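Asks: Here's a sequence, model it:
(one chain, ligands or ions: 2)
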Amino acid sequence: MVGLSVPAEVTAILLDIEGTTTPIAFVKDILFPYIKENVQEYLQTHWEEEECRQDVSLLRKQAEEDAHLDGAVPIPTASGEGADDLQQTIQAVVDNVRWQMSLDRKTTALKQLQGHMWRAAFTAGHVKGEFFEDVVPAVRRWKAAGMKVYIYSSGSVEAQKLLFGHSTEGNVLELFDGHFDTKIGHKVESESYRKIADSIGCSPSNILFLTDVTLEASAAEEADVHVAVVVRPGNAGLTDDEKTYYRLITSFSELHLPSST
Ligand SMILES: CSCCC(=O)C(=O)COP(=O)(O)O
Ligand SMILES: [Mg+2]
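Replies: Ligands and ions are numbered 1, 2, ... in the order given. So this is what the prediction gives:
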């Protein structure tokens with residue numbers, strides 16, 4: 001049989017988004033430029049709102065942790081005196097966001113603000129989530145076969161729900177049993193996968209994780225989670241050793257559940 005047989009003990013499939021369900025180009029060419037182009041205006045408009053205050057506060061904490069990094073952009077606390085002071089603080093947040101994005105950082109602070117900014121774009125229909133064509137049909141088959149399906153992405157849970165709730169294939173949110181983001185831990189840390197298993201109420205070996213990033217696959221494997229590396233057009237190349245070591249799939253249709261032929 002061509003493809004990959006899912007081990008019988010697997011009861012849950014955990015999916016990465018960028019490079020796995022969704023082209024990297026959609027994230028890099030549509031979602032991220034939206035943030036870079038609109039962050040200044042967004043902050044000006046929403047600055048006084050509680051959600052925006054919390055986002056800025058989290059970004060400021062992250063900036064303090066990042067102070068030792070090359071090129072890091074600090075975010076001073078606004079004194080509250082004068083329009084110039086406010087504009088300088090907003091500019092510092094803008095510069096910090098753009099700096100983090102230039103490094104494709106996956107900090108919870110950055111991802112939380114991005115999720116809030118994308119809300120308007122998705123709900124107004126200006127942006128629609130994109131998936132590789134095999135994704136939605138495969139997830140429907142897995143669900144019909146009794147498999148639980150979860151998302152684990154660096155994108156915030158709120159952003160994930162926007163992507164799947166407002167997609168070129170309509171609202172497909174109901175296909176998923178739950179969502180995880182970096183609040184449970186970073187994707188390159190094996191402890192995150194143990195916590196996800198705990199949260200789902202299963203053992204790590206009951207999970208199959210699909211991702212394009214071998215560092216994530218390696219962390220999951222260390223936690224005793226089954227993994228397969230997804231090779232998609234536009235993904236970063238794998239080394240020969242990685243190609244030999246990992247089980248690879250180029251489409252979700254290559255996965256065969258125990259009861260399927
Ligand atoms: C709407 S999800 C946004 C995607 C994103 O911001 C991101 O960083 C994707 O990371 P992933 O962990 O899915 O590779
Ligand atoms: Mg990915």
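Asks: Run a quick neighbour tally on the residue in the stretch 151-261 of the chain that ligand 1 sits nearest to.
Replies: Taking C-beta to the nearest ligand atom, ligand 1 has its nearest neighbour within the stretch 151-261 of the chain at Gly155, 2.6 Å off. In this view, the C-beta of every residue, glycine as well, is placed from N, C-alpha and C. Neighbours of Gly155 under the rule other C-beta atoms under 10 Å: 26.
Asks: Can you point out the buried residues in the host helix or strand of Gln112?
Replies: Using DSSP states H and E, Gln112 sits in helix 108-123. Across helix 108-123, burial judged by 16 or more other C-beta atoms under 10 Å covers 108-118, 121-122.
Asks: next structured bit after that helix?
Replies: helix 135-144.
Asks: Kindly format the C-alpha coordinates of that next one as PDB.
Replies: C-alpha atoms of helix 135-144 as PDB (Å, rounded to 0.1, in the frame of the first residue of the first chain):
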ATOM      1  CA  VAL A 135      -6.900  18.700   3.800                       C
ATOM      2  CA  VAL A 136     -10.700  19.100   4.300                       C
ATOM      3  CA  PRO A 137     -11.700  15.900   2.600                       C
ATOM      4  CA  ALA A 138      -9.200  13.900   4.600                       C
ATOM      5  CA  VAL A 139     -10.200  15.500   7.900                       C
ATOM      6  CA  ARG A 140     -13.900  14.600   7.100                       C
ATOM      7  CA  ARG A 141     -12.900  11.000   6.500                       C
ATOM      8  CA  TRP A 142     -10.900  10.800   9.700                       C
ATOM      9  CA  LYS A 143     -13.800  12.200  11.600                       C
ATOM     10  CA  ALA A 144     -16.200   9.800  10.000                       C
END
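Asks: So it, near ligand 1 or not?
Replies: No - using C-beta under 6 Å from any ligand atom, helix 135-144 stays clear of ligand 1, coming no nearer than 13.0 Å.
Asks: One more: stretch 115-127?
Replies: No - counting by C-beta under 6 Å from any ligand atom, ligand 1 is not contacted by stretch 115-127; separation bottoms out at 6.6 Å.
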